[in-house]
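Peer 1: Pasting the sequence and the predicted coordinates here, then a few questions.
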Amino acid sequence: GQNIDQPTEMTATEGAIVQINCTYQTSGFNGLFWYQQHAGEAPTFLSYNVLDGLEEKGRFSSFLSRSKGYSYLLLKELQMKDSASYLCAVRKNQGGKLIFGQGTELSVKP
Amino acid sequence: DVKVTQSSRYLVKRTGEKVFLECVQDMDHENMFWYRQDPGLGLRLIYFSYDVKMKEKGDIPEGYSVSREKKERFSLILESASTNQTSMYLCASSLEGGGSLQYFGPGTRLLVL
């Protein structure tokens, strides 16, 4: 079977740092994606990890541990515009299929 | 820039109607996908296609069919719409191989009355 878990909601303060966790159980793991989705809009790509370790891209970083079935997305220097849903998605070996978690709704407060 | 477009942003249909949702991508991607997104359930894959005239069932294909007659176009068909098909429908496309980064369209919010 396959299962992806992430918190439903998180709240953080403008300027702070927030970490959104994602745990997964799946056979044939072949990469993990993070997407950002603002209300009423399409998901947009943030990061991709296929090997263990940290990938940094500006204010956003993503970490993967394949042995633990665990990833996190780290957002630094939070801005109000970072209020959005963050989707964790796992790619399986076969083809381009992605399996999505339910998403984490992040609210950034002043 | 990759562009994925969907025929409608909002659609209202009646129970029993046949509904067509169209998706077009302009980057010559091999793979195309249809998802529905519901609160608390995330994105769930309905159907996908790896090539023209090719289709495979996703996790929730019941009540839906698809058509891919041309590489750039992937249609989702609700043969007889029901109220439980009220949802946000998202189309995506990706290249074959590599990281299979999926690019999403803006979504169609469908209400079935």
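Peer 2: Great, that's in hand.

Peer 1: partner strands of the helix or strand of chain A with the lowest mean pLDDT, parallel or antiparallel?
Peer 2: Every helix and strand in chain A was compared by mean pLDDT, DSSP states H and E; the lowest is strand A:98-100, with a mean of 90. Sheet pairing of strand A:98-100 (DSSP bridges) gives strand A:84-92 (antiparallel).

Peer 1: Identify all contacting residues around the strand it pairs with.
Peer 2: For strand A:84-92, contacts defined as Cβ atoms under 8 Å, 6 or more residues apart in numbering or on different chains pick out A:2, A:4, A:6, A:20, A:22, A:24, A:26-39, A:43, A:46, A:71, A:73, A:97-101, A:103-106, B:42-43, B:99-100. Yep, even glycine has a C-beta here, placed from its N, CA and C like the rest.

Peer 1: Buried among those? Need that as a selection in ChimeraX.
Peer 2: A single ChimeraX command selects the buried members of the contacts of strand A:84-92 (16 or more other Cβ atoms under 10 Å in any protein chain shown):
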select /A:4,6,20,22,24,26,29,30,31,32,33,34,35,36,37,43,46,71,73,97,98,99,100,101,103,104,105,106 /B:42,43,99,100
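
Peer 1: buried stuff in stretch A:68-75?
Peer 2: Going by neighbour count (16+ other Cβ under 10 Å), the buried part of stretch A:68-75 is A:69, A:71-75.

Peer 1: okay, the residues you listed in CSV with secondary structure, distance to chain B and pLDDT next?
Peer 2: Conversion of the buried residues of stretch A:68-75 to CSV gives the following (DSSP: H, G, I helix; E, B strand; the rest coil; distance: Cβ to the nearest Cβ, whole Å; pLDDT from 0 to 100):
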residue, secondary structure, distance to chain B, pLDDT
A:G69, coil, 18, 95
A:S71, strand, 15, 98
A:Y72, strand, 18, 98
A:L73, strand, 15, 98
A:L74, strand, 20, 98
A:L75, strand, 20, 97
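
Peer 1: so which of those comes closest to B:L95?
Peer 2: A:S71 (22.9 Å; Cβ to Cβ).

Peer 1: in which helix or strand would I find the most centrally placed residue in chain B?
Peer 2: Closest to where the C-alpha atoms of chain B average out (Cα atoms, centre = their mean) is B:W34, at 2.8 Å. Using DSSP states H and E, the element containing B:W34 is strand B:31-38.

Peer 1: Which other helices and strands does that strand contact?
Peer 2: Using 3 or more Cβ pairs under 8 Å, 6 or more residues apart in numbering or on different chains; DSSP states H and E, the elements in contact with strand B:31-38 are strand B:19-25, strand B:42-49, strand B:73-78, strand B:87-94.
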